[in-house]
Structure formats: C-alpha cells, structure tokens
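Novice: pasted the sequence and its predicted model underneath.
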Amino acid sequence: MKKQRIVVKIGSSSLTNDKGEIDQEKLNDHVHAVAALRKDRHEVILVSSGAVAAGFSRLGYPSRPVTIKGRQAAAAVGQSLLIESYIEKFSEFNIIPAQILLTRTDFSNRERYRNAFATISELLDRGILPIINENDTVSVEELTFGDNDMLSALVSGFIHADQLIILTDVNGLYDSNPRINPDARKLDYLEQITDEMLAGTDSGGSKVGTGGMKSKLLAAKTANELGVPVFIGYGKGPDKLQEILKGRGDGTYISNSRLSSINTTRQWIALHSEATGKIYVDKGAEEAILYNGKSLLPAGVFKIQGTFDKGDVVEVIGVSGLLGKGEVRYSSEQLKQEIAKRADERKTEAFVPAIEVIHRDKWVQVKI
Ligand SMILES: Nc1ncnc2c1ncn2[C@@H]1O[C@H](COP(=O)(O)OP(=O)(O)O)[C@@H](O)[C@H]1O
Ligand SMILES: N[C@@H](CCC(=O)OP(=O)(O)O)C(=O)O
C-alpha cells in the first residue's frame with residue numbers, strides 16, 4: 001500500500017475507565033496498532049483525548065468535573081500521566097512521541113498557525129510521532145475547539161492527511177443512539193454528512209467523553225470539506241488500523257469521490273480568520289468570482305467599509321448578500337484611491353488592468 005498520512009483520534013472512552021484512570025490495556029492496544037501502521041511506513045499523527053478523564057481521580061473528584069477550573073486542573077494532571085504512558089509504551093517500538101498542546105488562538109493567529117504547521121511537518125520528517133491534544137489548562141471556554149473531534153478534523157485538513165480515523169467506544173454511526181435504542185441500525189458507508197443527520201443525532205456520549213456522536217459527525221463533515229475521508233468506529237488488536245485502511249474496519253466510512261484537498265491558506269481564511277472589513281461588489285464582479293472562477297478586480301468594487309491593511313481578510317458583499325471571504329491585496333486607503341483612479345481612467349479611456357483586489361487562490365466562497 002502507498003505511504004499515507006493518517007490522523008488517528010482516540011476518544012477518552014477508548015483510553016480510560018469511568019473511575020478516572022488510564023486503562024493501560026486499552027492504551028497499549030492503540031500503541032500496538034499505531035506501531036503497525038508505522039511499520040508499514042505510514043506517517044501517523046495521534047490526536048489523543050483523555051487528559052481530564054485520566055486526571056480527575058487524583059484530584060479527589062468522584063467523576064469528570066463539571067467546573068471549568070476543575071476540568072483544567074484535572075487536565076494538567078492527566079495530560080502528563082497520558083504522555084508518560086505513551087512514551088513508555090511507544091519506546092518498545094523505538095517510536096519517539098512529541099507532545100503538542102494547541103488552543104483555538106493557535107489557529108486564529110496566522111503566524112502561530114504557520115508555526116504549528118511547520119513544527120508538525122518537521123516532526124513527521126524526522127520520524128517523530130506527534131501526539132496532539134487541546135491545551136485544556138489554559139483554554140478559555142468561549143475559545144475552544146469544542147472537542148477533540150473537531151480538533152482532529154482541523155489538524156487532518158491542515159496537514160493534508162489521507163485519512164482521519166476517529167476511534168471511539170461504539171462501532172460507528174447508528175440511525176439513533178444504540179445505547180438507548182436496541183433496534184438502532186448501523187450505517188456502514190456515507191457519501192456525506194447532511195444537515196438532517198446532524199439535527200437528528202444527539203450529543204450524549206459516554207461518562208468521560210464530550211460531544212457524543214454529533215460532534216464526530218460535525219468533525220467528519222469539516223474533514224470531508226477539507227478533502228479528508230473519515231472513518232468513525234471501533235477496533236481491537238494490533239492490526240485494527242491496517243484493517244480500517246483496507247476498508248475492513250468495524251465502523252462507518254464517510255467519504256466520496258468528489259473530495260478534494262484545499263490549500264492551507266484557504267483553510268485558514270475559511271475556518272480561522274476574522275474579517276477586518278467589507279468590500280461591496282457589483283453584479284458583474286459577483287458573477288465573475290462566483291461562477292467564472294475569476295479573481296476580484298478593482299473595477300467591480302464600488303464601496304468599502306472598515307479599515308484594513310494589505311494582507312488582511314475581508315468579507316465580500318454582492319447583490320445577493322455575503323459572497324465569501326478573501327485576503328485583500330490593498331489597504332482600505334489604497335483601494336479607495338484605486339477605485340477613484342479607475343473612475344477617472346474610464347472617463348479618459350486610459351484604462352490599464354490593475355492587480356487583483358483578491359486573488360482567486362486566496363478566496364473562499366460561502367455556500368450560496
Ligand atoms: N446515532 C448514534 N450512533 C452511535 N453512537 C451514538 C449515537 N448517538 C449518540 N451516540 C453515543 O456517542 C458515544 C460516543 O461519544 P463520546 O462518548 O463523546 O466518545 P469519545 O470519548 O470517543 O469521543 C457512544 O458511546 C454513544 O452512546
Ligand atoms: N481535551 C480533552 C478532551 C475533550 C474531548 O473532546 O474528549 P472526547 O470526546 O473523549 O474526545 C481531554 O483531553 O480530556
């Protein structure tokens with residue numbers, strides 16, 4: 001099999017028990033399976049949950065803490081215990097793990113986003129196994145990834161993974177929660193995650209996990225949009241991940257032939273950037289950028305709102321509302337001058353083509 005880049009996300013329920021301890025047997029099973037993938041020359045990135053679930057009992061909590069400070073304190077203890085176990089178990093295979101703790105701001109800040117990408121790439125080039133988790137101890141509640149399912153989807157998009165494998169305590173997606181409905185039917189293959197599926201899936205999960213199946217579906221939808229096929233399910237034994245790659249996993253495969261990778265800049269614009277201004281365009285420009293795959297030229301811009309610098313991200317508004325977001329190649333001041341200049345040139349017929357306001361490679365359309 002061709003060498004692939006695989007992101008494996010392991011949920012809390014697949015690493016710990018209900019009492020707030022690491023289940024060494026479960027962890028060992030994952031380590032063997034990851035080592036088998038690496039032996040086949042695949043690149044692996046682990047996104048491992050379990051810090052809170054592994055840490056809370058040592059702080060004297062009877063179950064997963066509900067307060068933010070309780071969870072953050074439990075994660076501080078549990079994360080080191082987790083990494084300690086991973087280092088010990090992976091050493092049997094001469095695999096060196098690297099701990100990477102990320103916050104939402106590491107994605108929204110462009111420089112930090114680039115740094116994280118460069119570091120993970122360097123680790124992979126040097127044969128190290130990155131083990132990623134959210135930096136729970138310092139994450140601010142309104143500014144989190146939501147859960148590690150979404151973090152794994154964002155990571156798999158950003159490093160252009162060939163496959164995202166989400167391991168959990170249930171063997172895939174059912175048409176209703178199988179823990180509540182014994183007649184629930186398992187879905188083996190899905191072409192895509194629809195809004196109806198999302199609306200119909202509950203967010204109840206295990207005692208130690210967060211988000212339940214709903215957060216996995218949201219993550220799978222995001223990963224697919226970034227060009228990455230997804231598997232959600234279960235497995236046991238050293239060859240479980242190899243079996244999943246061969247299409248024989250016990251779970252749900254979510255993929256279709258239309259998936260295509262999106263460059264990292266466009267991913268950042270779409271998912272993490274904050275627009276600093278608005279640009280209003282006429283009908284001709286709207287058609288050019290939406291339907292003809294063209295870049296946005298100053299000729300189509302008639303109004304600017306807000307103050308922005310060259311390189312900032314702005315929203316583009318057309319006759320039908322918000323069209324998308326893109327990286328602008330003028331500051332707001334320069335663009336105002338350019339529009340005025342263009343109007344004069346048109347009168348004197350001295351029109352010369354200008355540089356794009358937004359190049360199509362740095363443009364992301366909203367779904368219209
Ligand atoms: N439609 C569904 N299909 C499968 N599982 C579901 C569904 N709806 C809810 N669930 C629940 O989602 C749980 C897995 O989510 P969670 O506990 O957050 O896992 P993890 O810790 O692996 O992230 C399952 O144990 C199951 O109870
Ligand atoms: N960052 C948290 C994980 C939160 C989370 O999403 O958990 P899970 O639903 O088990 O993947 C931790 O390590 O405890």
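Specialist: Structure's in. What do you need? Numbers count the residues shown, from 1 in each chain. Ligands and ions are numbered 1, 2, ... in the order given.
Novice: residue numbers of the stretch 1-150 of the chain in contact with ligand 1?
Specialist: Those residues of the stretch 1-150 of the chain that sit near ligand 1, judged by Cβ under 6 Å from any ligand atom, are 11-14. In this view, the C-beta of every residue, glycine as well, is placed from N, C-alpha and C.
Novice: list the contacts for the nearest residue to residue 54 once chain neighbours are set aside?
Specialist: With Cβ to Cβ, 6 or more residues apart in numbering as the criterion, residue 54 has its nearest non-adjacent residue at 3.6 Å, and that residue is residue 78. Residue 78 sits next to 50-56, 58 when contact means Cβ atoms under 8 Å, 6 or more residues apart in numbering.
Novice: 6 Å instead, please
Specialist: 51-52, 54-55 (Cβ atoms under 6 Å, 6 or more residues apart in numbering).
Novice: same check on residue 244?
Specialist: Taking Cβ under 6 Å, 6+ apart as the test, what residue 244 contacts is 165, 231.
Novice: the helix or strand that contains residue 216 and ligand 2, are they touching?
Specialist: Using DSSP states H and E, residue 216 sits within helix 212-225. No. When contact is scored as Cβ under 6 Å from any ligand atom, no part of helix 212-225 falls within range of ligand 2; the minimum is 6.7 Å.
Novice: what does that helix contact?
Specialist: Contact with helix 212-225 is made by 147, 149-150, 153, 156, 164, 166, 193, 198, 201, 203-205, 230, 232, 254, 259, as judged by Cβ under 6 Å, 6+ apart.
Novice: low pLDDT regions in the chain?
Specialist: Residue ranges of the chain with pLDDT under 70: 141-143, 205-209, 343-353, 368.
Novice: all helices of it, in order?
Specialist: Listed in chain order, the helices of the chain (DSSP state H) span 24-39, 51-55, 68-91, 104-108, 110-125, 148-158, 195-200, 212-225, 240-245, 264-271, 283-291, 332-348.
Novice: would you mind writing the CA trace of the third one as CSV?
Specialist: Spelled out, that is helix 68-91. Written as CSV, here are the backbone C-alpha positions of helix 68-91 (Å, rounded to 0.1, in the frame of the first residue of the first chain):
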residue,chain,number,x,y,z
ILE,A,68,-14.0,24.8,34.3
LYS,A,69,-11.3,25.1,36.9
GLY,A,70,-11.9,21.5,37.9
ARG,A,71,-11.5,20.3,34.3
GLN,A,72,-8.5,22.4,33.7
ALA,A,73,-6.8,21.2,36.9
ALA,A,74,-7.7,17.6,36.1
ALA,A,75,-6.3,18.0,32.5
ALA,A,76,-3.0,19.4,33.9
VAL,A,77,-2.5,16.2,36.0
GLY,A,78,-4.0,13.8,33.4
GLN,A,79,-2.0,15.1,30.4
SER,A,80,1.3,14.2,32.0
LEU,A,81,0.1,10.8,33.0
LEU,A,82,-1.1,10.1,29.5
ILE,A,83,2.1,11.2,27.9
GLU,A,84,4.2,9.2,30.4
SER,A,85,2.2,6.1,29.4
TYR,A,86,2.6,6.8,25.7
ILE,A,87,6.3,7.4,26.0
GLU,A,88,6.8,4.2,27.9
LYS,A,89,4.7,2.0,25.6
PHE,A,90,6.0,3.5,22.3
SER,A,91,9.6,3.0,23.5
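Novice: thank you kindly, that will do.
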